[in-house]
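J.: just to be clear, the model below is a prediction. Sequence and coordinates:
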Amino acid sequence: MIYLDLFLGFLKVGCFAFGGAYGAIPLIRDVVMSYGWLSDEMLTYMIAVSESTPGPIMVNLATYIGSSQAGFPGAVVATLAVVLPSFLVILLVTALLKTAMKNKYVQAVLRGLKPCVIGIVLATGVYMVLKNCFGTISAVTLNIRAIAITVVLIASILGYKHFKKKKLSPIMLIIISAVTGMVIYGL
């Protein structure tokens, strides 16, 4: 039964996750919480690990969650389920690409999805920062370490943009975050 749950849960993520992995995080959180596979704190840690490891975040999360619930076969089932919809859509799109991209309705749908994806990513980021720094509404607790890391990252982004006149690379943000986390939380 766990294999069917993993397949259906991550198939839903793969089918309805628009805008890439960051847009999928709220959906993954919903699926994981509804099945009770991981605690919210453990899922947050796995999101951070998945962001800093090679490969797509959705695939990394699906593989880890599948492995934690049903070993290697669970990892395979969850990973296949999360990539299956994208694979099928890409096959369909490549067959219809030339005519579909010229269609004004298809272009309108894609332009309409962009703000939605931006909002989902922004809301997820704000939620994760607030939850990790200040806890939940029912149990407000200040996490000074998380606040310090957040301040260091924001200062890094703003300082780099001010002095270099360009954006800080996401890779550098991950490295800065990892080093700051090691310093603040200790090795």
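T.: Arrived safely.
J.: flag the shaky bits of this structure, pLDDT-wise.
T.: 19-21, 187 (pLDDT under 70).
J.: going along the chain from the longest helix along the chain, find the next helix or strand for me.
T.: For the chain, the longest helix by residue count, based on DSSP state H, is helix 57-100. Remark: after helix 57-100, the chain's next helix or strand is helix 104-134, criterion DSSP states H and E.
J.: can you name the farthest residue from the center of this protein?
T.: Relative to the centre of the chain, and counting by Cα atoms, centre = their mean, the farthest-placed residue is Thr99 at 31.8 Å.
J.: Tyr64 reaches Thr53, doesn't it?
T.: No: judged on Cβ atoms under 8 Å, Tyr64 makes no contact with Thr53 at a distance of 9.5 Å. For every residue, glycine as well, the C-beta is placed using N, CA and C.
J.: so for those two, which sits in the more crowded spot?
T.: A count of neighbours by other Cβ atoms under 10 Å puts Tyr64 above the other of Tyr64 and Thr53, at 20 against 11.
J.: now the closest residue to Thr141 other than its chain neighbours, which residues is it bridged with?
T.: Excluding the flanking residues, the one nearest Thr141 by Cβ to Cβ, 6 or more residues apart in numbering is Gly135, at 4.0 Å. Taking DSSP bridges, one obtains Val140 as the residues bridged to Gly135.
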